[in-house]
Structure formats: C-alpha cells, structure tokens
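Visitor: A predicted structure for the sequence below; I have some questions about it.
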Amino acid sequence: MTTTDLVPVLAALGDENRWRVLTALGEGDASASALAGRLPITRQAIAKHLGVLREAGLVEPVRSGREVQYRVLGAHLRHTASRLDAIGAAWDRRLAVIREIAERPEGEAGAREKDAGE
C-alpha cells in the first residue's frame, strides 16, 4: 500500500456514519437493509457509504442467495493501522530528540549546536 492508497482510506474513514457502518460490520457480515435496521441511517445512505468503503478497499460484497452481504477486509485495515503506527513512531523519535536537546544544561546544548555548525 502506497501513500496514495491511504488517501481514499483516510477519506472514507473521515465520516462518522461510515465509522458506524464499519463498526457494525466488525460485529459480522450484514446487508444494507440489516444495517439500516440497526443504525440511525437510511438504507439509501448506507448503500452510498458502503460504496465509498468498498472503493477504499475496506469492505467487500458477498452474495448470499438473492441478498448481498458486506464484510470488512481486516487485512486492509491492519495495514492502514500499521502505516499510521509507523508515522507515529517516527514522530515519537523526533520528539524524544527535541526533548533531550531541550532538557540539556544550557552550556552543553550550546556547545553541541556550535559543534554541529562547524
């Protein structure tokens, strides 16, 4: 998954109702009609949200007789989460370096900055 692939995923997850749909599907596969019965969202809106989630690669339709059920694609969510964790870890490392520099005694920090400039 590239950074470009993350954009539609994050955009899809940026809507509260899509979070509700995704959370409900996390409890088990369901059709748009079943989701409409459980959530305070119309069936038509749920169908649109499922379309966005599907385009982002977060859910897939599974035909069960005449009904179409939707299933969460956990691997895609895990991969997205691991990418976000990596970004967070990189920021944690940067902030730790900044904290270390800020907490040094004044003379020591100045000497290091002088050394770095030479």
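Guide: Everything's here; your move. Numbers count the residues shown, from 1 in each chain.

Visitor: what secondary structure does Pro40 sit in?
Guide: At Pro40 the chain is in coil, as set by DSSP: H, G, I helix; E, B strand; the rest coil.

Visitor: who's in contact with it?
Guide: By Cβ atoms under 8 Å, 6 or more residues apart in numbering, the contact list for Pro40 is empty. Using the backbone N, CA and C atoms, a C-beta is placed for each residue, glycine as well.

Visitor: Quick check: which ranges of the chain have low pLDDT?
Guide: 1-4, 107-118 (pLDDT under 70).

Visitor: what do you get if the cut-off is 80, keeping everything else the same?
Guide: Confidence mapping of the chain against pLDDT under 80 gives the ranges 1-5, 76, 81, 106-118.

Visitor: the helices in it, which residues?
Guide: Using DSSP state H, the helices of the chain run over 3-13, 16-26, 32-38, 43-55, 74-103, 106-117.

Visitor: These: which one's closest to Pro61?
Guide: With Cβ to Cβ as the measure, helix 43-55 is the member of the helices of the chain nearest Pro61 (6.8 Å).

Visitor: would you list the helices of the chain in CSV and tack on mean neighbour count and distance to Arg63?
Guide: Shown next, in CSV, are the helices of the chain (neighbours: other Cβ atoms under 10 Å; distance: least, Cβ to Cβ, whole Å):
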stretch, mean neighbour count, distance to Arg63
helix 3-13, 14, 22
helix 16-26, 17, 16
helix 32-38, 17, 13
helix 43-55, 17, 14
helix 74-103, 11, 20
helix 106-117, 10, 63
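
Visitor: Same list, the ones you listed, but as JSON lines with distance to Arg66 please.
Guide: Listed next are those as JSON lines, based on distance: least, Cβ to Cβ, whole Å:
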{"stretch": "helix 3-13", "distance to Arg66": "27"}
{"stretch": "helix 16-26", "distance to Arg66": "20"}
{"stretch": "helix 32-38", "distance to Arg66": "12"}
{"stretch": "helix 43-55", "distance to Arg66": "16"}
{"stretch": "helix 74-103", "distance to Arg66": "26"}
{"stretch": "helix 106-117", "distance to Arg66": "69"}
